[in-house]
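K.L.:
Mind looking at a prediction? Sequence and model below.
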Amino acid sequence: MAGETMLADLRERLHKKSIHEVRLIARAVGVRNPTDGKKDFIIDKIIEIASCKTSPTPRSARGAPPKSNGFDESIVTDIRECIKFFGSCVDAEGSEPSDCSVSDGGEQRCSGLLDRSEKYAFLRTGGLLKSPNDVYVADTVIKRFNLKPGDKIEGVSHRTQNGSAVSAITSVNGFTPDSFPRREFGSLTHIYPHAKINLSGSSQDIWARMVDLFSPLGYGQRAVVSVPANFNKISIVKPIASAISSNEQSQAIIFLVGGYPEEVTDIRRSFPGADVFSTSLSASAEENAAAAELVAQYSQRIAECGKNAVLIICGLSSLGAAAMRVLSLAINAEEGGSLTVVGFVSATGEYSSENSALLFSAANMRLVITNESYPAIDICGSFALGSDYLQTPKELAAAAAFRKKNPADVLNIFMSTASNAEIISNGR
């Protein structure tokens, strides 16, 4: 188990220290009479405190002072992390100990996104924000497995007097904890998106076909979608999520900012393989921004592992300054993997704001929905930069020709054909 591994590592590190340094460490963590006994005896006392079998005492000055005043403070830090892991015996300031025994609640499976709140790390088991069922994760566990905020963790937790703590990790981002791939997100090399997310596929959905032709979506794009006020965004989210679900190397991550509960339920039931997150209708701007930061961290972790993360955000511009930070994370990595951000903004109100205009200027894929009753798109205002990496010459020529036609005629052509291939082959 993780707790036993933490103690074994701690004991091994202590054995490598001189007896004088061990005594200093013992005094720092609250061993009674830290200068009495041999080295192994003192180490046993330190381990008893680290595992919450013995309560620490105020630092003692008894006995002759050690010959050296220097010691490895990182070990003291890790001992305190062990104490928190085994039951939170002392607080961060080293105040008087509280009851540190583990409850009889036994162990149970746990999962969530790793998040850090002030000095401590937790698995957010209830979504993206703090909840009473969050599970504490010790820094020693984070160091052992090189965990980062946003990692999706599955494991086992045990009950303590102050809540729950992780005792074992079985999965990190879908990989075994000892062997999952990891690259630094900031060191990945940006290249143009070149793999298309085919929205229409074998479907005859006219909206999806129009997007594929006039504003193709590719892995690694910064995509902003403008929709009319009160437009049902879910009708557009679904074909995107469906296209992503057909690729086993891709992960759909859907974030509904202030989402309606019934929409959240609909999406989760329609796409059980997608990660669906939301904030409540009453969430504050600060809560929405914090939730966006964590879901963005999770998306980066997926990309770091070499997979294609597609983050779909309904209500992008309502995130304020956080919106641009999230949008700018999109990348098609030369080393493999990608992070695509698809953000929805309202064509009135939000869209007219300075923030929404800034988002559109930063996007390399822009899609403008023009009709509330039918999802027609503005074929001149919608486009993808670098579309020659995503489309064939015939598709590019067809899109250019259609942009010279009357929009109503274009819509009629799409409605009278079964696929984009038919349009191109007929020279329409």
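P.N.:
Right, received. Where do you want to start?
K.L.:
C-alpha only now, for contacts and for neighbours.
P.N.:
Fine.
K.L.:
Share the number of residues neighbouring Leu396, please.
P.N.:
15 (other CA atoms under 10 Å).
K.L.:
Let me know the secondary structure of it.
P.N.:
helix (DSSP: H, G, I helix; E, B strand; the rest coil).
K.L.:
likewise Asn332?
P.N.:
Asn332 falls in the strand class when you classify it by three-state DSSP.
K.L.:
I'd like the numbering to begin with 71 instead of 1 from here.
P.N.:
That works, and once the first residue is 71, the last one we named lands at Asn402.
K.L.:
Please give me every residue in contact with Arg371.
P.N.:
Going by CA atoms under 8 Å, 6 or more residues apart in numbering, Arg371 touches 218, 220-221, 243, 255.
K.L.:
Need the pLDDT of it.
P.N.:
Here, the pLDDT recorded for Arg371 equals 96.
K.L.:
buried stuff in the helix or strand where it lies?
P.N.:
Assigned by DSSP states H and E, Arg371 belongs to helix 355-374. Of the residues in helix 355-374, 357-374 count as buried by neighbour count, 16 or more other CA atoms under 10 Å.
K.L.:
Can I get that helix as CSV, trimmed to CA atoms?
P.N.:
Provided in CSV are the C-alpha atoms of helix 355-374 (Å, rounded to 0.1, in the frame of the first residue of the first chain):
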residue,chain,number,x,y,z
ALA,A,355,-17.4,34.1,-11.3
GLU,A,356,-14.6,32.9,-9.0
GLU,A,357,-15.9,29.4,-8.9
ASN,A,358,-16.4,29.2,-12.6
ALA,A,359,-12.8,30.4,-13.1
ALA,A,360,-11.5,27.9,-10.6
ALA,A,361,-13.4,25.1,-12.3
ALA,A,362,-12.1,26.2,-15.8
GLU,A,363,-8.6,26.1,-14.5
LEU,A,364,-8.9,22.5,-13.2
VAL,A,365,-10.6,21.2,-16.3
ALA,A,366,-7.9,22.9,-18.4
GLN,A,367,-5.2,21.2,-16.3
TYR,A,368,-6.9,17.9,-16.9
SER,A,369,-6.9,18.5,-20.7
GLN,A,370,-3.2,19.3,-20.6
ARG,A,371,-2.5,16.0,-18.7
ILE,A,372,-4.3,14.1,-21.4
ALA,A,373,-2.3,15.8,-24.1
GLU,A,374,1.0,15.2,-22.2
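K.L.:
Let me know the next secondary structure element after that helix.
P.N.:
strand 378-384.
K.L.:
list the helices and strands the following helix or strand past that following strand packs on?
P.N.:
Moving toward the C-terminus from strand 378-384, the first helix or strand encountered (DSSP H and E) is helix 391-397. Applying 3 or more CA pairs under 8 Å, 6 or more residues apart in numbering; DSSP states H and E, we find helix 391-397 packed against helix 355-374, strand 408-416, helix 424-432.
K.L.:
contacting residues around the last one?
P.N.:
Under the contact criterion CA under 8 Å, 6+ apart, helix 424-432 has outside partners 292, 294, 387, 390-391, 393-394, 397-398, 415, 420-421, 436.
K.L.:
Weed out the non-buried ones from those.
P.N.:
Buried among the contacts of helix 424-432 (16+ other CA under 10 Å): 292, 294, 387, 393-394, 397, 415, 420-421, 436.
K.L.:
between these, which is nearest Ser187?
P.N.:
The shortest approach to Ser187 among the buried ones among the contacts of helix 424-432 belongs to Ala393, at 21.2 Å (CA to CA).
K.L.:
need the contacts of helix 424-432 in JSON lines with distance to Asp106 and pLDDT, can you?
P.N.:
Converted to JSON lines, the contacts of helix 424-432 look like this (distance: CA to CA, whole Å; pLDDT from 0 to 100):
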{"residue": "Arg292", "distance to Asp106": "64", "pLDDT": "97"}
{"residue": "Val294", "distance to Asp106": "68", "pLDDT": "95"}
{"residue": "Ser387", "distance to Asp106": "64", "pLDDT": "83"}
{"residue": "Gly390", "distance to Asp106": "60", "pLDDT": "83"}
{"residue": "Ala391", "distance to Asp106": "58", "pLDDT": "84"}
{"residue": "Ala393", "distance to Asp106": "59", "pLDDT": "92"}
{"residue": "Met394", "distance to Asp106": "60", "pLDDT": "92"}
{"residue": "Leu397", "distance to Asp106": "60", "pLDDT": "95"}
{"residue": "Ser398", "distance to Asp106": "59", "pLDDT": "95"}
{"residue": "Val415", "distance to Asp106": "68", "pLDDT": "89"}
{"residue": "Glu420", "distance to Asp106": "70", "pLDDT": "43"}
{"residue": "Tyr421", "distance to Asp106": "72", "pLDDT": "43"}
{"residue": "Arg436", "distance to Asp106": "72", "pLDDT": "93"}
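K.L.:
got any ranges where the stretch 171-320 of the chain has weak pLDDT?
P.N.:
Filtered on pLDDT under 70, the stretch 171-320 of the chain yields the residue ranges 171-176, 231-232, 272-273.
K.L.:
residue boundaries of the helices in it?
P.N.:
Along the stretch 171-320 of the chain, counting by DSSP state H, counting those that start in this stretch, helices occupy 209-215, 276-284, 304-315.
K.L.:
Now for Gly328: which residues touch it?
P.N.:
Residues in contact with Gly328 (CA under 8 Å, 6+ apart) are 348-353, 358, 385.
K.L.:
let's see it at 7 Å
P.N.:
348-351, 353 (CA atoms under 7 Å, 6 or more residues apart in numbering).
K.L.:
Please name the nearest non-neighbouring residue to it.
P.N.:
Distances taken as CA to CA, 6 or more residues apart in numbering put Leu351 closest to Gly328, at 4.3 Å, once the chain neighbours are dropped.
K.L.:
Can you report how many residues neighbour that neighbour?
P.N.:
Applying the criterion other CA under 10 Å, we find 11 residues in the vicinity of Leu351.
K.L.:
same check, this time on the one 3 residues further on
P.N.:
Burial of Ser354 is recorded as 12 neighbouring residues (other CA under 10 Å).
K.L.:
Determine the number of other residues adjacent to Ser315.
P.N.:
By the criterion of other CA under 10 Å, Ser315 has 17 neighbours.
K.L.:
what's the answer for Met76, then?
P.N.:
21.
K.L.:
and it, what does it touch?
P.N.:
Thr210.
K.L.:
how about it, secondary structure?
P.N.:
Classification of Met76 by three-state DSSP places it in helix.
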